[in-house]
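**Q** give me the fold of what follows.
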Amino acid sequence: MTSDLSAVRVRLDLTEASSQTITVTMTWRPAQATTRWQLPVWTPGSYTVRDPVQHLHSLSCKQQGKSVPLRRTSPSCWRADLQPDQDVEVRYQLEARQLTVRTCCLEPQFASLCLSAVVMLVDGFRWSPHHLELILPAGWQAAVPLPHDQGVYHSDDFDALVDSPVHAGCFESQPFEVMGCQHELILFGAPPQGWPPDFLRDISVICEATCRLMQTSPPSANRYQLVLLMLDQGYGGLEHDHAAVLHYSWKSLAGEDGYLKLLQLIGHEYLHQWNVRRLRPRDYIPYDYGGPVVSDCLWFAEGVTSYFDLGLPLLAGCSNQEQYLKDLGRDLSTVLISPGVGIQSLADSSREAWVRLYKRTPAGADSQISYYVLGTAMAFCLDVMLRESGASLASLLRQLWDHFGRHGRGYGRSDLLNAVKQHHPELAQSLPVWLDHCGSLPIEDCVSRVGLKLNPVLADRAESGLVLREERGAILIERVAQQGPGSRAGLIPGDELIALHGHRIRSLEDWQILWAGPDEAVVHFARRGRMAETHLQQAPPSLDHWELSCDPGASPQASALRDAWFRIL
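**A** Numbering: from 1, shown residues only. Predicted structure coming up:
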């Protein structure tokens, strides 16, 4: 490896793939007699403490061939007394058995590594060069969005290294171009039904539409990797400065709107090059890898991105207005019918991501709301109001990019308010209320202003107040609606439904058929292994969801605003 004395050298040995264990060797030359190093406790873009140190073992430290005693100062931190100006070698092993976009998985066929869960941060070396070497099984190739030579990848600092996902194995690589910039599509796996015939072209036009939205070429320039793992199940994405890692299910791809949802996911992560990676809340400049960093601006980072990802296929010519209304209507409907929107504000949803969003339970829907979906609704309201003043949310995002993102400056709530105030002073006064007060978003009013309407759709059966799931032949209660029939009957999440009207229930289909019977049902259930029974009273069909459509009776002013809104930019 390199002989750069100011650098940290990292070697990852992936040759024991069948053991799903990575051997990590880090080498550096300390300047101080006492040195501390730490494995990050979270991954930027995924705002919860995951403590990857739980997968670490066999840690050792050597200097001049001799073992050095280590002191563990916290679950993820170590300290050692070292000789300055002499190379030190730290070695450890990491179990890599979690296949998500934010964790690590090593298998005999491939590796997918999130380096913030692998590489230690050495005190005093955060802003020093880091060099990465991969030891791969025979026949494997690697994809890392870093410059490299002679098998060694080079990063300017620790942040750039751990922001670079590592993928290795046998994969398909396809180049594509975005506004004259060369990108690379990395494909692991393939759908059994085959890829859509225009997949690569559609990816290019989605990315180009994102650039048109931002009115800039991609900030990653010629160094961008789009990594897609096609799985039997799973969904997710994680953004990086020069890459995005996506998981998608071939079953979902084959379903209704499945291809469109994949394009929206690609657009979402591609837009993150601007919004959240480089245009970043001030709380995350620089990242503190040692613990949770609370911010009330995650709604802007994720909600605004989620709002635009719905419209990018329309802007790219891959979708139509009807589909756009269907997708946006789904998110607005979620907000309008969610009980959690009356409990948790948008600002608190952002702040509490660390303890709630990523640790969500089915029952949590009664007391919380995702800043992704509520942030989408906020973005819609902002967009409509800004357009009435001659601006748009797209132009506001570009303004923030020019003032903050281009220069690596972080923003806070006051900066967002000031930017809105330049175009719409009254809106800037309303924004804190929308952020801090539950249920304050004027969704219905904004829908009307832009020449649209919300149409209620009732459920197709009587209301039970229960959300059920089928698990290995058992029908379990996943969620009980507050003040609903199930709650009044004394049922709770985790109860197993055994029989309805005296008939055994073995599937969700059995439940649906039997529930269509008399208004009151005798339910036999098991709770923690003990049998019980209760009476469950049917309620009239409830509102299932809202659908969004164009209002034929909209005023000429609202219709004109709607036409401009459909242009996205």
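**Q** quick check on the residue lying closest to residue 193 once chain neighbours are set aside: phi, psi?
**A** Excluding the flanking residues, the one nearest residue 193 by Cβ to Cβ, 6 or more residues apart in numbering is residue 254, at 5.7 Å. (Each C-beta comes from the backbone N, C-alpha and C, glycine too.) Here is the backbone geometry of residue 254 (degrees, to the nearest 10): phi -80, psi -10.
**Q** how close does residue 254 sit to residue 247?
**A** According to Cβ to Cβ, to the nearest Å, residue 254 and residue 247 sit 16 Å apart.
**Q** who's more crowded, those two?
**A** residue 247 (21 against 12; other Cβ atoms under 10 Å).
**Q** looking at this, that one is in a strand?
**A** Yes. The assignment for residue 247 (DSSP: H, G, I helix; E, B strand; the rest coil) places it in a strand.
**Q** and the closest residue in space to it that isn't next to it in sequence, how close does it get to residue 547?
**A** Spatial nearest neighbour of residue 247, chain neighbours left out: residue 234 (4.4 Å); criterion: Cβ to Cβ, 6+ apart. Distance, residue 234 to residue 547, using Cβ to Cβ: 29 Å.
**Q** same check, this time on residue 84
**A** In terms of Cβ to Cβ, residue 84 sits 68 Å off from residue 547.
**Q** who has more neighbours out of those two?
**A** residue 547 (15 against 12).
**Q** partner strands of the one helix or strand the more buried one maps to, parallel or antiparallel?
**A** Residue 547 is part of strand 543-550 when elements are defined by DSSP states H and E. Note on strand 543-550: by DSSP bridges, its sheet partners are strand 452-458 (antiparallel).
**Q** now the partner strand: buried residues?
**A** Buried positions in strand 452-458, judged by neighbour count with 16 or more other Cβ atoms under 10 Å: 452, 453, 454.
**Q** contacting residues for the closest residue to the last one other than its chain neighbours?
**A** Read it as residue 454. Using Cβ to Cβ, 6+ apart and skipping the chain neighbours, the partner closest in space to residue 454 is residue 546 (4.6 Å). By Cβ atoms under 8 Å, 6 or more residues apart in numbering, residue 546 lies in contact with 329, 332, 333, 336, 337, 454, 455, 456, 457.
**Q** burial check on the second one, number of neighbours?
**A** Spelled out, that is residue 332. Residues near residue 332, counting by other Cβ under 10 Å, number 27.
**Q** how close does it get to residue 96?
**A** 40 Å.
**Q** now do the fifth one
**A** The gap separating residue 337 from residue 96 is 40 Å, by Cβ to Cβ.
**Q** got it, and the fourth one?
**A** As judged by Cβ to Cβ, residue 336 and residue 96 stand 42 Å apart.
**Q** between those two, which is the more surrounded one?
**A** Each of residue 336 and residue 96 has its neighbours counted (other Cβ under 10 Å); residue 96 has more, 25 against 19.
**Q** how about the more buried one, phi and psi?
**A** Residue torsions, per degrees, to the nearest 10, at residue 96 are phi -120, psi 90.
**Q** can you check residue 461 too?
**A** According to degrees, to the nearest 10, residue 461 has phi -150, psi 170.
**Q** any idea how far it is from residue 537?
**A** Taken as Cβ to Cβ, the span from residue 461 to residue 537 is 14 Å.
**Q** contacting residues for residue 413?
**A** Contacts of residue 413 (Cβ under 8 Å, 6+ apart): 296, 297, 432, 435.
**Q** inside strands: which ones of the residues you listed?
**A** With strands defined by DSSP state E, no entry of those lies inside them.
**Q** follow-up on the earlier one: show me what contacts the residue nearest to residue 247?
**A** Residue 234 touches 99, 100, 247, 248, 249, counting by Cβ under 8 Å, 6+ apart.
**Q** checking it next. Helix, strand or coil?
**A** Once three-state DSSP is applied, residue 234 turns out coil.
**Q** try the one 10 residues further on
**A** The assignment at residue 244 comes out as strand when based on three-state DSSP.
**Q** per-residue pLDDT of it, please?
**A** Per-residue pLDDT puts residue 244 at 98.
**Q** now swap in residue 483 and tell me
**A** pLDDT at residue 483 comes out at 86.
**Q** secondary structure element holding it?
**A** Short version, using DSSP H and E: residue 483 is in no helix or strand.
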